[in-house]
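Trainee: the following comprises the amino acid sequence and a computationally predicted model.
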Amino acid sequence: MDPTSAEQTCFEAGIKFGTLYHQFAGTPVSTKNKESLEQAIEEAIENQPFCEDVSVTLDADRIEQAIRDAPGTATYTELTGSLMQVEMIIQREETIVQTQMTMKDGYPLMEIVDVTR
């Protein structure tokens, strides 16, 4: 059985989330480079096929708290899922998939919000 357009488009969204999370997790981040990192992540993921839009928001308050909680005199922290919120729109053929990554019960949950044809 061939996959439907919706299934293929959802698969594409999963690929983009995997790339986003595993490529950028661990990147040094502070409030000074927050905006440039958001833009770099968005532009990198938008290069991939079928990606119509990516919005990455890094939480400045959580970044500052992570830096304060770190031992020593660090002026940055490592990027983790708990510091970011992501929304993506993936379109393949006539199917549009809206997705998001937000924290749910302490875990960065990547989920499909809507599928339209």
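Mentor: That came through, no problem.

Trainee: can we go C-alpha only for contacts and neighbour counts from here?
Mentor: Fine.

Trainee: residue closest to the middle of the chain?
Mentor: Val86 (4.0 Å; C-alpha atoms, centre = their mean).

Trainee: wait, what's in contact with that one?
Mentor: By C-alpha atoms under 8 Å, 6 or more residues apart in numbering, the contact set of Val86 is 54-57, 100-102.

Trainee: Gln91 now?
Mentor: Gln91 neighbours (C-alpha under 8 Å, 6+ apart): 9, 50-52, 97.

Trainee: among these, name the ones in helices.
Mentor: Among the contacts of Gln91, the members falling in helices (DSSP state H) are Thr9.

Trainee: and the contacts of Gln91, which is closest to Gly26?
Mentor: Cys51 (23.6 Å; C-alpha to C-alpha).

Trainee: so that closest one is in contact with Ile90, correct?
Mentor: Yes. Between Cys51 and Ile90 there is a contact under C-alpha atoms under 8 Å: 4.7 Å.

Trainee: more crowded one of the two?
Mentor: Shown here are Cys51 and Ile90; by other C-alpha atoms under 10 Å, Ile90 has more neighbours (24 against 20).

Trainee: the more buried one contacts Val113, doesn't it?
Mentor: No. Applying C-alpha under 8 Å, one finds Ile90 not in contact with Val113, separated by 11.5 Å.

Trainee: please consider this matter closed, and thank you.
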